[in-house]
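A.B. asks: starting from these lines, generate the structure:
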Amino acid sequence: MKFSLKIFKGSVLLGLALFSFIINSEVYSQPELYFVHTNEVFRPIQASIFESKIGISSNIQQENLKLDIGASVDIVGIKTKKYTASLGAEFFTFSNLRKEDNFKFPVDAVDYYFGVSFNYKTELNPISIISSRLRIAHISSHFEDGHKYPVTDTIFTPVVYSREFIELAGIYDYKIRPNFVLRILLGVNLLMHSIPDDFGKVSLQIGNELRYSFNDYFGVYLSNELRNASVKGNSVFNESFETGLNIGGFDNRGVNIFFSLYNGQDYKGQYYDKSLNIKSIGTHIIF
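C.D. replies: Residues are numbered from 1 along each chain as shown. Reported below is the predicted structural model:
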């Protein structure tokens, strides 16, 4: 554990050093420096689960809701003619709510995420952009007062669940047409420490997304992400699919109204050793 924490802290320092080097290398080219700005350097695909979002979705197969609250912010960034780079912070939660009569939604469980990110984006040519993100983060999960415990004589103890990890991801954006964009995602996640110790150290992710804009304010999208993982020695593949209508523009503040599918290991930490197969409808505010 001490060794993992040393690597974790070392990764943060290395990321800061790289970001400082990028800024210093552009001192004489008069770059634009900005502070505390919504992250526009690395934009994840819509189907990704572990991202900061604001919105709600309803499981149409069960009496559950998923509530997302969070934001990803650039603390400091730099823009030049060649690239944009930033140092950011991410804070978000996703909550599992139960639907009850009289418009009541007791909170069953909440996952809490916080971390830092180092982001980079460059335009290869007028129709191709590459963006990347190095994440260093912590996530933990907790049952809340709306959780229903099994009726049994056995004393039930909630799972102590937390993970610290480093994740590197890259996205390639290709404009098939000015209003039609293909996005390809590749990523790798390195687990530094976890409680319980039931997970593989390395997992991979791939994803793709198609965006079609009718005009500057309306568009549709198809998004899919596949992650491999190892849980208690068993290899699993987690697939997340989302399709929907975008209002406001993909690269602006707006709203997504969507339908989603998820199949694989339950992403909620308190249920990590269970499978999850759900269909949902919902909305996200793009902030």
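
A.B. asks: give me the below-cutoff pLDDT ranges for the chain.
C.D. replies: Scanning the chain for pLDDT under 70 picks out 1-30, 39, 150-158.

A.B. asks: strands along that one, start to end?
C.D. replies: Shown for the chain, the strands assigned by DSSP state E span residues 32-38, 54-59, 64-79, 83-98, 107-125, 128-143, 161-177, 180-195, 202-213, 218-231, 234-247, 254-265, 275-286.

A.B. asks: in JSON lines: those strands, plus mean neighbour count.
C.D. replies: Where you see a C-beta, it was placed from the backbone N, CA and C, and this is true even at glycine. Output for these, formatted as JSON lines (neighbours: other C-beta atoms under 10 Å):
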{"stretch": "strand 32-38", "mean neighbour count": "12"}
{"stretch": "strand 54-59", "mean neighbour count": "19"}
{"stretch": "strand 64-79", "mean neighbour count": "18"}
{"stretch": "strand 83-98", "mean neighbour count": "20"}
{"stretch": "strand 107-125", "mean neighbour count": "18"}
{"stretch": "strand 128-143", "mean neighbour count": "19"}
{"stretch": "strand 161-177", "mean neighbour count": "17"}
{"stretch": "strand 180-195", "mean neighbour count": "17"}
{"stretch": "strand 202-213", "mean neighbour count": "18"}
{"stretch": "strand 218-231", "mean neighbour count": "19"}
{"stretch": "strand 234-247", "mean neighbour count": "17"}
{"stretch": "strand 254-265", "mean neighbour count": "18"}
{"stretch": "strand 275-286", "mean neighbour count": "16"}
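
A.B. asks: so which of those gets nearest S48?
C.D. replies: strand 218-231 (5.3 Å; C-beta to C-beta).

A.B. asks: what's that closest one packed up against?
C.D. replies: Helices and strands touching strand 218-231, as assessed by 3 or more C-beta pairs under 8 Å, 6 or more residues apart in numbering; DSSP states H and E, comprise strand 202-213, strand 234-247, strand 254-265.

A.B. asks: CA atoms only: put the last one into CSV for me.
C.D. replies: Taking Å, rounded to 0.1, in the frame of the first residue of the first chain, the C-alpha atoms of strand 254-265 are listed here in CSV:
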residue,chain,number,x,y,z
GLY,A,254,-27.0,22.4,-23.8
VAL,A,255,-29.1,19.3,-23.1
ASN,A,256,-29.0,15.7,-24.1
ILE,A,257,-32.1,13.5,-24.1
PHE,A,258,-31.1,9.9,-24.3
PHE,A,259,-31.7,6.2,-24.2
SER,A,260,-29.0,4.0,-22.8
LEU,A,261,-28.1,0.3,-22.3
TYR,A,262,-25.6,-1.1,-19.9
ASN,A,263,-24.4,-4.7,-19.5
GLY,A,264,-21.6,-6.0,-17.4
GLN,A,265,-20.2,-5.7,-13.9
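
A.B. asks: partner strands of that strand and their direction?
C.D. replies: strand 234-247 (antiparallel), strand 275-286 (antiparallel) (DSSP bridges).

A.B. asks: what would the ones you listed look like in CSV with distance to E167?
C.D. replies: Listed next are the strands paired with strand 254-265 as CSV, based on distance: least, C-beta to C-beta, whole Å:
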stretch, distance to E167
strand 234-247, 15
strand 275-286, 21
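
A.B. asks: ok, which of the ones you listed comes nearest I184?
C.D. replies: Using C-beta to C-beta, the strands paired with strand 254-265 put strand 234-247 closest to I184, at 15.7 Å.
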